[in-house]
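> Structure for this input, please:
(4 chains)
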There are 2 protein chains.
Amino acid sequence: MSNNLNFVAKLRNSGLRPTKQRIKICEILFGSKETFHFSINDLSKIIAQKNSEKISLATIYNTVHAFLGKGYLKQIAVNSEQSYYDTNTTDHHHFYDIDKDKLIDIHDSEVEPVKINRKIPGKRIKSIEVLVKLQNT
Amino acid sequence: MSNNLNFVAKLRNSGLRPTKQRIKICEILFGSKETFHFSINDLSKIIAQKNSEKISLATIYNTVHAFLGKGYLKQIAVNSEQSYYDTNTTDHHHFYDIDKDKLIDIHDSEVEPVKINRKIPGKRIKSIEVLVKLQNT
DNA sequence: AAGTAGATTATAACTATTCTAAAGTAATAA
DNA sequence: TTATTACTTTAGAATAGTTATAATCTACTT
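Residues are numbered from 1 along each chain as shown, chains lettered A, B, ... in the order given. This next block holds a predicted model:
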């Protein structure tokens, strides 16, 4: 309940109207302290389970895009058919379990910082993402 | 010409029949010493330019998948709508120029080796990919 | 040269995502 | 409040990338 008020404020502060759909999606994505990795499909299923009223697929896409734009989510580069998103927007890297089609955080303490000793004229680095693909042994 | 014979042998050695479509695609992908980054769309366009007879889109997909399976290509994780492939199958990383939608190799000498200090039980590392996203300054 | 397994092709089908335009809802002003 | 306005949601259509299908064709074996 008090959480909801936080989400309302969060949305309003960033210029997004706190609609019930957005609040519900906030609860799912940001309601727990844990990082959440998901595809639109994953999120749809969870909403279907947890919410009495359905939220249309278009709204789910709209909301995820809005949250991306506001920096509440970041997109992860994986070559799956689907796009993946992460509630942890800090700089960190991922394991991708190919067999389970699941992402796992790699904390910064678990990786030596990646150093790129090259500059491309006219360009600046926006992000550095490491993806470690895992296979069953 | 002598190159073509090499491609015929390469294909035959890996159990792929050396059809004229596959040989043509080999010429385009492996005919130069340079690394080649491409999407299916890129490859289609190049074939259309360089080849008198058209190659069907299905064959282009089939061939790229076959070459992936034989280890002649590797897929690169980028979050674009399209899949990207690389003729350089050695371990190396990439810049991704967001504005131009183009990939640039990062040679191993240009990056400190990425060290992951964590193991996931029952899993082994298949690959480590670093993607450095670039923006115009 | 004939038979067969594998390849190519056009096209249909499928999946993820984006677009559209109508109906609904939150914010604002009176 | 209420009315107005701008933003949202929605179902469904449209699009783009990719995969499946089934008929035709071709490379290899005998």
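> which residues does the most centrally placed residue in chain A contact?
Centroid-nearest residue in chain A, with CA atoms, centre = their mean: residue A:86, separated by 2.2 Å. Residues counted as contacts of residue A:86 (CB atoms under 8 Å, 6 or more residues apart in numbering or on different chains) are A:35, A:36, A:37, A:73, A:74, A:75, A:76, A:94, A:103. Using the backbone N, CA and C atoms, a C-beta is placed for each residue, glycine as well.
> Tell me the bridge partners for it.
Beta-bridge partners for residue A:86, by DSSP bridges, are residue A:37, residue A:74.
> how near is it to DNA strand C?
According to CB to the nearest atom of the strand, to the nearest Å, residue A:86 stands 14 Å off from DNA strand C.
> Which pLDDT does the model give that residue?
Note for residue A:86: predicted pLDDT of 97.
> do the same with the one 5 residues further on
With respect to pLDDT, residue A:91 scores 85.
> I'd like to know how many residues surround the closest residue to residue A:84 other than its chain neighbours.
Nearest non-adjacent residue to residue A:84, counting by CB to CB, 6 or more residues apart in numbering or on different chains: residue A:76, 4.5 Å away. Neighbourhood size, residue A:76 [other CB atoms under 10 Å in any protein chain shown]: 21.
> Might you report the residue contacts of residue A:76?
A:37, A:84, A:85, A:86, A:94, A:103, A:129, A:131, B:79.
> quick revisit: from residue B:29, how far off is the residue nearest to the centre of chain A?
Distance, residue A:86 to residue B:29, by CB to CB, to the nearest Å: 34 Å.
> And the residue nearest to residue A:84, its phi and psi?
Residue A:76 adopts backbone torsions of phi -110, psi 130, taken as degrees, to the nearest 10.
> Walk me through the domains of chain A.
A:2-74, A:84-134 (automatic domain parsing).
> Helices of chain A, residue ranges please.
A:2-13, A:20-30, A:40-50, A:57-69 (DSSP state H).
> average model confidence for the third one?
Mean pLDDT, taken over the full extent of helix A:40-50, equals 96.
> wait, does it contact DNA strand D?
No - between helix A:40-50 and DNA strand D, judged by CB under 7 Å from any atom of the strand, nothing touches; the nearest distance is 9.6 Å.
> Dump that helix to PDB, keeping only the CA atoms.
This file holds the C-alpha atoms of helix A:40-50, laid out as PDB (Å, rounded to 0.1, in the frame of the first residue of the first chain):
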ATOM      1  CA  ILE A  40       7.600  -9.000 -22.600                       C
ATOM      2  CA  ASN A  41       6.300 -12.500 -22.700                       C
ATOM      3  CA  ASP A  42       7.500 -13.200 -19.200                       C
ATOM      4  CA  LEU A  43       5.900 -10.000 -17.900                       C
ATOM      5  CA  SER A  44       2.600 -10.700 -19.700                       C
ATOM      6  CA  LYS A  45       2.400 -14.100 -18.000                       C
ATOM      7  CA  ILE A  46       3.100 -12.700 -14.500                       C
ATOM      8  CA  ILE A  47       0.500 -10.000 -15.000                       C
ATOM      9  CA  ALA A  48      -2.000 -12.500 -16.100                       C
ATOM     10  CA  GLN A  49      -1.300 -14.500 -12.900                       C
ATOM     11  CA  LYS A  50      -1.200 -11.600 -10.400                       C
END
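> which non-adjacent residue is nearest residue A:39?
residue A:82 (4.1 Å).
> which residues does the one you found contact?
By CB under 8 Å, 6+ apart, the contact set of residue A:82 is A:39, A:40, A:41.
> Intersect these with the contacts of DNA strand C.
Okay, of the contacts of residue A:82 touching DNA strand C (CB under 7 Å from any atom of the strand), that's A:39, A:40, A:41.
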